[in-house]
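Participant: take this sequence and fold it.
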Amino acid sequence: MSTFADYQEKTWVTIGSDPLDIVKQDQKYQVFQGTKPLLTIQGKAFIHESERVAQLILTDLMFLQMTREKTFSAPLFYAFQKDVFDASGDPFPGEWDKLMSSDPFVATKTTGKSSLQAFSPDDDLFPFAFVTLSALVHSINEFVNMTMSRIIVEETDAHPFPELLRSSYDQLSTEQKVVVQALSSLHHSGVVLPLLLVSGFISAMEYAKGLIALKIQGDTRISEILFEVAHARDYLECLEEKTDAGRRIGMFIKEGENEVIEFKSTLRWDIRAGKNNQAVERACLKTIAAFLNSAGGALLIGVRDDGSIEGIESDKFLNDDKFLLHLWTLIRTCLGRDVSLYIRTTLEEIADKTVCMVQCHRSSRPVFLRQPGFDEAFYIRVGPSSNAMDISEALKYIADHFEG
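Facilitator: Model (predicted):
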């Protein structure tokens, strides 16, 4: 099995002088060089369902083509995952015990031995190291408190911190694991600092200062470390934009319709009649209005009642932008311009089709549905449905649920 350090030293991709570009194929984006797909050393294609991730990989490869340097960036992370993780499994567990025994923060938590013991009080670095490492230990304690609430660790005579680290690492996405390994290998930073960085408990600067305070890296490297961390975080942030929404949609579909989740097959297309229908639009609008007037919720357009995927393609818009423009026009026209503050829309590809997730927060004022051709109405959520209220019920509800 190859570690990240081993892999980084290999010729993990061979780039010629022909121009690089992205080609969309079957709802995925693939990097080509000239007329041929660009491949890793193990023959894996650089291909991803997110256009933004593919563009990040492309521009980093272009930089590599210009400089001929083994750039610590998105294509290297991607290639390592494809050539090593996907081929033979995660190599990190084989290094785990060694990393645990050498990580100064593991020693600090499990033995009480301070990382500052290596310093003399007369050392010029001592004040900086004391403040930096104290802050990092505080962040580690926050990590432990948060992790304890969501990870079950059996009570034994051993200190729970190593097991918390291992469990937290195991719950990371494959891409996050790759970045943890990359940072650990490149910076000799052990497990704790990369894991805290990827999990969002410390910033890039805190990570870099920690390496300097521990004398793992010199202060002349700080700009390089920050540049390398920026590459890693860019890669993960591009992935998160895609996968977080997809993960939430998948969870909502699995959970099924309830008081805060509802599915609609289409926005405007009447599947049975084979034409656009304002009544179909109204069904979506009343759900949004009900969520705004109640505790909020998520409307998934492009999902059938049974949880299978219809896709917004059935609405027959020219493109996704036209779909969103029509949806937002309906929202602003029929519910009011100010409700935009409480609504967020996301398009996500699921099973090669597109689903629109409309996330609604509770509105600070009552929202009435005023759609041309229909009576004005006030909706709230009652279980898994959106119910209209008569005037007296609506007045009482508004008095009880909205200030002023």
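Participant: the closest residue to Gly311 other than its chain neighbours: neighbour count?
Facilitator: Nearest non-adjacent residue to Gly311, counting by Cβ to Cβ, 6 or more residues apart in numbering: Lys353, 3.0 Å away. In this view, the C-beta of every residue, glycine as well, is placed from N, C-alpha and C. By other Cβ atoms under 10 Å, the residues close to Lys353 number 17.
Participant: isn't Lys353 right next to Ile301, touching?
Facilitator: No: Lys353 is beyond contact range of Ile301, at 11.5 Å (criterion: Cβ atoms under 8 Å).
Participant: quick check: neighbours shared by these two?
Facilitator: Shared contacts of Lys353 and Ile301 (Cβ atoms under 8 Å, 6 or more residues apart in numbering): Ile312.
Participant: strands along this structure, start to end?
Facilitator: 20-25, 28-33, 36-37, 47-48, 261-264, 269-270, 275-276, 297-301, 343-350, 353-360, 368-369, 377-382, 385-388 (DSSP state E).
Participant: dump those into JSON lines; add distance to Glu163 and mean pLDDT as well.
Facilitator: Shown next, in JSON lines, are the strands of the chain (distance: least, Cβ to Cβ, whole Å; pLDDT from 0 to 100):
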{"stretch": "strand 20-25", "distance to Glu163": "43", "mean pLDDT": "90"}
{"stretch": "strand 28-33", "distance to Glu163": "38", "mean pLDDT": "92"}
{"stretch": "strand 36-37", "distance to Glu163": "43", "mean pLDDT": "94"}
{"stretch": "strand 47-48", "distance to Glu163": "34", "mean pLDDT": "92"}
{"stretch": "strand 261-264", "distance to Glu163": "35", "mean pLDDT": "96"}
{"stretch": "strand 269-270", "distance to Glu163": "52", "mean pLDDT": "96"}
{"stretch": "strand 275-276", "distance to Glu163": "57", "mean pLDDT": "95"}
{"stretch": "strand 297-301", "distance to Glu163": "35", "mean pLDDT": "96"}
{"stretch": "strand 343-350", "distance to Glu163": "35", "mean pLDDT": "88"}
{"stretch": "strand 353-360", "distance to Glu163": "35", "mean pLDDT": "94"}
{"stretch": "strand 368-369", "distance to Glu163": "53", "mean pLDDT": "96"}
{"stretch": "strand 377-382", "distance to Glu163": "42", "mean pLDDT": "95"}
{"stretch": "strand 385-388", "distance to Glu163": "45", "mean pLDDT": "94"}
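Participant: still on that earlier bit, quick one: contacts for the residue nearest to Gly311?
Facilitator: So Lys353 contacts 302, 309-313 (Cβ under 8 Å, 6+ apart).
Participant: what's across from it in the sheet?
Facilitator: Ile350 (DSSP bridges).
Participant: tell me what the top helix by length along the chain is packed against?
Facilitator: With secondary structure taken from DSSP state H, the chain has its longest helix at helix 222-255. In terms of contacts (3 or more Cβ pairs under 8 Å, 6 or more residues apart in numbering; DSSP states H and E), helix 222-255 is packed against helix 51-67, helix 74-80, helix 174-187, helix 204-213, strand 261-264, strand 297-301, strand 343-350, strand 353-360.
Participant: report the distance from the longest one to the chain centre.
Facilitator: Between the centre of helix 51-67 and the centre of its chain there are 20 Å (Cα atoms, centre = their mean, to the nearest Å).
Participant: buried sites along it?
Facilitator: For helix 51-67, the neighbour count (16 or more other Cβ atoms under 10 Å) marks 53-58, 60-62, 64-65 as buried.
Participant: okay, now Ile22: neighbour count?
Facilitator: So Ile22, with other Cβ under 10 Å, has 17 neighbours.
Participant: can you start the count at 19 instead of 1 from here on
Facilitator: In the new numbering, first residue 19, that becomes Ile40.
Participant: who's in contact with it?
Facilitator: Neighbours of Ile40 in contact, by Cβ under 8 Å, 6+ apart: 47-50, 69, 72-73, 76.
Participant: among the residues you listed, which one lies nearest to Ala248?
Facilitator: Gln73 (16.4 Å; Cβ to Cβ).
Participant: which non-adjacent residue is nearest that closest one?
Facilitator: In space, Gln73 is closest to Ile40, 6.8 Å off (Cβ to Cβ, 6+ apart).
Participant: if I look at the residue sitting nearest the centre point of the chain, what pLDDT would I see?
Facilitator: For the chain, the residue nearest the mean C-alpha position is Glu258 (2.2 Å; Cα atoms, centre = their mean). In this prediction, Glu258 carries a pLDDT score of 74.
Participant: please apply the same query to Arg239.
Facilitator: 83.
Participant: before we move on, what about Ala147?
Facilitator: Looking at Ala147, the pLDDT reads 82.
Participant: what's the answer for Thr174, then?
Facilitator: 69.
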